[in-house]
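S.K.: Need coordinates for the following:
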Amino acid sequence: MLSGTAHELAGSRALWELLDRRAALTPRALALIQAGEPTRGPMGGRAGEADGDRSLTFGDLRARAERVAAWLHLLGVRPGSRVAWQLPTRIETVVLTFALARLGALQTPLIPSCRDREVGHALRATGAQVFVVPGVWRGFDHLAMARRLTPTLAARPLVLTVHGTLPEADATVLPPPPADGTEVRWVYWTSGTTSAPKGALHTDRGLIAAGSCLADALGLTPDDVGSMAFPYAHVAGPDYTVMTLLEGIPSLLLEHFALPESLGAYRRHGVTMAGGSTAFYAMFLAEQRKDPTRRLIPTLRLLAGGGAPRPPGLYDEVVRELGCVLAHGYGMTEAPMITMGSPDDPPDRLATTEGRPPAGMEISVVGADGRPVPAGVEGEVRLRGEAVCQGYLDPERTAEAFDADGRLITGDLGHLTEDGYLVLTGRTKDIIIRKGENVSALEIEQLLHGHPGVADVAVIGLPDPARGERVCAVVQQPPAAEPLTLDAVTTHLRAAGLAVHKLPEQLELVEELPRNDTLRKVLKYQLRERFSG
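M.R.: As a prediction, the model looks like this:
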C-alpha cells in the first residue's frame, strides 16, 4: 500500500501540483541522477567508469522547471499551446516536461528512434506550434529532419534545439499554474493495428493514477533507488516519474542502455529497482551468466516492467540467478498501468500472471457477445478507469476503440483467476511488441509493397527471448527476381523514413504466401508456426 504521504500526494489535481508538493516536503532530497556516458576502452579508463554524472534535487527540479517555463512563456507558449519534443532520457528532458506542465501546454512526446514518417505524421496531426529536438544524437541529425519536415507542414512549428542546459528566465512573469488535471495535456503515439500511428489523449490525473498504481504495487521504501533506462518519451516516462514523486525517491536516468557499459552507473548509485521490459530482463541475465559467482548489481532487489510477452520460466531464472524478485505488469499507451505484480504476491502468481489491477481500474474479460465470462475462461480484455486515455486525436479511432459501455477494447486475450490476477494469452490485434514498443505489421507491409523485389509480403512477430518478439518479413517475390536480402529490405524502409525500432530483424523468402479459400487472406498463424523454430 502507498505510504500516508504518498497517498496524500496521489490526490494532486495536476502534475505541476504534485511536483510542487513534493518539493515543499523534501526539497533537498535527490530526485534525478544522470549517468555520464561510460567509457569503453583502455585509453579512456576502465569500462563502466562514467564521464560526468549529474544530479538534481526535488527542490531544484521545481525551481529550474519554473524558470524554463518562464523562458517558454516569453517565446509565446501558453496554456493549450501544442509542443512536440523528441529528446533522449536526460535531466533536461524531465525539466522541460515539467516546465510545459507548469504552463498547461499540450505535450506530444516522440521517441528518439522515430524518423520522418512518424514524426511528420505527429506534427501534422497535432498542429504542433513548437518542436524541440536534441540536434545530432547517436549519429542522427534531428535538427536536419525538423528542417526537412517544416516546409511540408501547414502549421510550421518553431524549432528549438536542446544541446545542454535549457535557457531560463525570471519566473515572476508566469501566470498561475493550471489547477485542473482533467484536461487533455498529453498526446502519446501508438501504431496499434493501423498503418498510421494513433495519438492517445491523456490527462494529468490519468497519468497520476497510473503512477500511483505502480508505486502501490512495488512497495517502495525511503532507501530505494529507481532507474529509467527506457526512452523518457515513452508513456512509461511520466508513469515512473509520478511513482518517484509520490515516494520521494531518486531515479537514475540512462541516456543509452547497454551492458556491460551501464553497470557502473547502477553500482555507483546503489540502484534497487531496474527493468523496463522482457528485453531488459534478458540482458541482465545474460550479463550475470558471465560470472555467476558475483552478484551483477549487489543492491538490486527488484526487476519490474512490462510491455512485452514474458517467456516461460523467466521468473525462476531471475530469482535464482540475479537474486532479486521479478514483478511483471501489463500496460499500453492507452492505459500506462493496468495491472502490476507486487513483491508481496505469491511466487506462482509472479511467475504466471501480469498481477492484479489497482483500485479504480476495472477489467472485464468478455466473450464474442461482449458479455463478461467467468474466471478462468479466455476472452478479450476490456478496461475502464481513470488511467485509461480519453480517446484518440481522430474521433473515428475513438469510436472504434470503446464499446457501448465506455470500456476500452484492448484487443488482448486473457482470463482472470479466481483471486483476481490477470493472465494474458494472446492478441486479437495484428501488432508486434518488440522491446515493449508496438510495431504495426500493416505499416511495414505497405512500405515493402513499394519495393520492386516484393510481389507480396506478410510481416509477423516471432518469439524472441531478448526482445519479447522480433519483426520478421515474409516475402513472396516476382518471377525471376533477384533474391532479396535483409540489408536491401532495411535500406528501403530506412529511406521511407521508418523508425529504427520497427525495422525487420529477419527475412524469409517463400514461393507463395499461405491464404484461406474465401477472402484469400494471408494465414499468418501458419507463418508463425513455420518460422518460430
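S.K.: The stretch 201-350 of the chain: strands as residue ranges?
M.R.: Along the stretch 201-350 of the chain, counting by DSSP state E, counting those that start in this stretch, strands occupy 226-228, 251-253, 273-276, 302-305, 325-332, 335-340.
S.K.: so which of those comes closest to Gly120?
M.R.: Comparing the strands of the stretch 201-350 of the chain against Gly120 with Cβ to Cβ, the closest turns out to be strand 325-332 (23.9 Å). For every residue, glycine as well, the C-beta is placed using N, CA and C.
S.K.: Show the secondary-structure elements that that closest one is packed against.
M.R.: helix 204-218, strand 302-305, helix 314-317, strand 335-340, helix 347-352 (3 or more Cβ pairs under 8 Å, 6 or more residues apart in numbering; DSSP states H and E).
S.K.: if you compare these, which one is most tucked away?
M.R.: strand 335-340 (a mean of 28; mean count of other Cβ atoms under 10 Å).
S.K.: and the nearest residue to Met243 once chain neighbours are set aside, what does it touch?
M.R.: Leaving aside its sequence neighbours, Met243 sits nearest to Ala215 (Cβ to Cβ, 6 or more residues apart in numbering; 4.2 Å). Ala215 is in contact with Leu2, Ala6, Val242, Met243, Leu246, Glu247, counting by Cβ atoms under 8 Å, 6 or more residues apart in numbering.
S.K.: Need the max-distance pair from those residues.
M.R.: Farthest pair in the contacts of Ala215, by Cβ to Cβ: Leu2 and Val242, 11.6 Å.
S.K.: The two: who's more crowded?
M.R.: Higher neighbour count among Leu2 and Val242: Val242, with 28 against 19, using other Cβ atoms under 10 Å.
S.K.: Now render the contacts of Ala215 as a markdown table, adding pLDDT and distance to Asp141.
M.R.: Shown next, in a markdown table, are the contacts of Ala215 (pLDDT from 0 to 100; distance: Cβ to Cβ, whole Å):
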| residue | pLDDT | distance to Asp141 |
| --- | --- | --- |
| Leu2 | 79 | 44 |
| Ala6 | 89 | 42 |
| Val242 | 97 | 33 |
| Met243 | 96 | 34 |
| Leu246 | 97 | 38 |
| Glu247 | 96 | 39 |
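S.K.: and the nearest residue to Ile431 once chain neighbours are set aside, what are its bridge partners?
M.R.: Spatial nearest neighbour of Ile431, chain neighbours left out: Asn438 (5.1 Å); criterion: Cβ to Cβ, 6+ apart. Counting by DSSP bridges, Asn438 forms beta bridges with Ile433.
S.K.: what does Arg382 give?
M.R.: Per DSSP bridges, the residues bridged to Arg382 are Ser364, Ile409.
S.K.: Please name the residues that touch it.
M.R.: Ile363, Ser364, Val365, Val366, Asp403, Arg407, Leu408, Ile409, Thr410.
S.K.: and which of the contacts of Ala215 is nearest to Asp291?
M.R.: So of those, ranked by how close each gets to Asp291 (Cβ to Cβ), first place is Met243, at 31.4 Å.
S.K.: ok, that closest one touching Asp216?
M.R.: No. In this structure Met243 lies outside contact range of Asp216 using Cβ atoms under 8 Å: 9.1 Å.
S.K.: The longest helix along the chain: which residues count as buried?
M.R.: Scanning the chain for the helix with the most residues, using DSSP state H, yields helix 58-74. Applying a neighbour-count criterion of 16 or more other Cβ atoms under 10 Å, one finds 58-73 buried in helix 58-74.
S.K.: tell me what that helix is packed against?
M.R.: Taking 3+ Cβ pairs under 8 Å, 6+ apart as contact, the helices and strands that helix 58-74 lies on are helix 15-25, strand 30-34, helix 91-103.
S.K.: Need the overlap of contacts for Leu2 and Val242.
M.R.: Common neighbours of Leu2 and Val242, counting by Cβ under 8 Å, 6+ apart, are Ser212, Ala215.
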